[in-house]
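In: return a 3D structure for these sequence lines:
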Amino acid sequence: MRCPKCGFENLAETKSCSSCGAVFEMRSELAGEPKARTRTGLQPNVAGLLCYLFGWVSALVFLLVEKNSFVRFHATQSLIVFGVLSLLSVVLAPLIPIARPILGLVSLVLWIFLMSKAYKGEKLRLPLAGYIADRQSEEFTTLDE
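Out: Okay, here's the model as predicted:
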């Protein structure tokens, strides 16, 4: 771990720098999330990625099974984003022929982007869906505890 004060690369996992003696916090691999496995037996980042794998279908499964707030956030956001995109595709496709390919391209880009962010342990909040997902994941966690 690199010392935030002097920049020295500490090879041992210690709470202080072996060069300058500065004391610092140890961080887990995921930002703000424990290294522990989730209720499904997966690491939180892998479960977060899988929330997006089959769109709103996999999101619904994880939302019903998982209690981890990180995973629930991604499951809720996936359910909202890909649910809305699916509905838009069904409604707009008969009216506007170009709508389906455009929505398909948007879905593909979001799918890859959101899976990579979840795998890195990040909670990327999309404009409306992220706000709703944040609130819902907090409420679900509070209710389950």
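In: grab the nearest non-local neighbour of the residue nearest the centre of the chain.
Out: Compute the mean C-alpha point of the chain, and by C-alpha atoms, centre = their mean the closest residue is Ala118, 3.5 Å away. In space, Ala118 comes closest to Gly48 once its chain neighbours are excluded; the distance is 3.4 Å by C-beta to C-beta, 6 or more residues apart in numbering. Using the backbone N, CA and C atoms, a C-beta is placed for each residue, glycine as well.
In: ok, now how distant is that neighbour from Ile98?
Out: 33 Å (C-beta to C-beta, to the nearest Å).
In: more neighbours, those two?
Out: Between Gly48 and Ile98, counted using other C-beta atoms under 10 Å, the more crowded position is Gly48 (33 against 9).
In: rewinding a little: and the pLDDT at the residue nearest to Ala118?
Out: The predicted local distance difference test score for Gly48 is 91.
In: which strand or helix spans it?
Out: When secondary structure is defined using DSSP states H and E, the element that contains Gly48 is helix 44-53.
In: go on, Leu124?
Out: Here Leu124 is assigned to no helix or strand, by DSSP H and E.
In: one more: the one 10 residues further on?
Out: With the criterion set as DSSP H and E, the secondary-structure element containing Asp134 is helix 129-144.
In: cool, His74 as well?
Out: Using DSSP H and E, His74 sits in helix 69-92.
In: can you give me the neighbour number for the residue lying closest to Cys6 once chain neighbours are set aside?
Out: Using C-beta to C-beta, 6+ apart and skipping the chain neighbours, the partner closest in space to Cys6 is Cys20 (4.3 Å). By the measure other C-beta under 10 Å, the count of residues near Cys20 is 11.
In: nice, that's everything, thank you.
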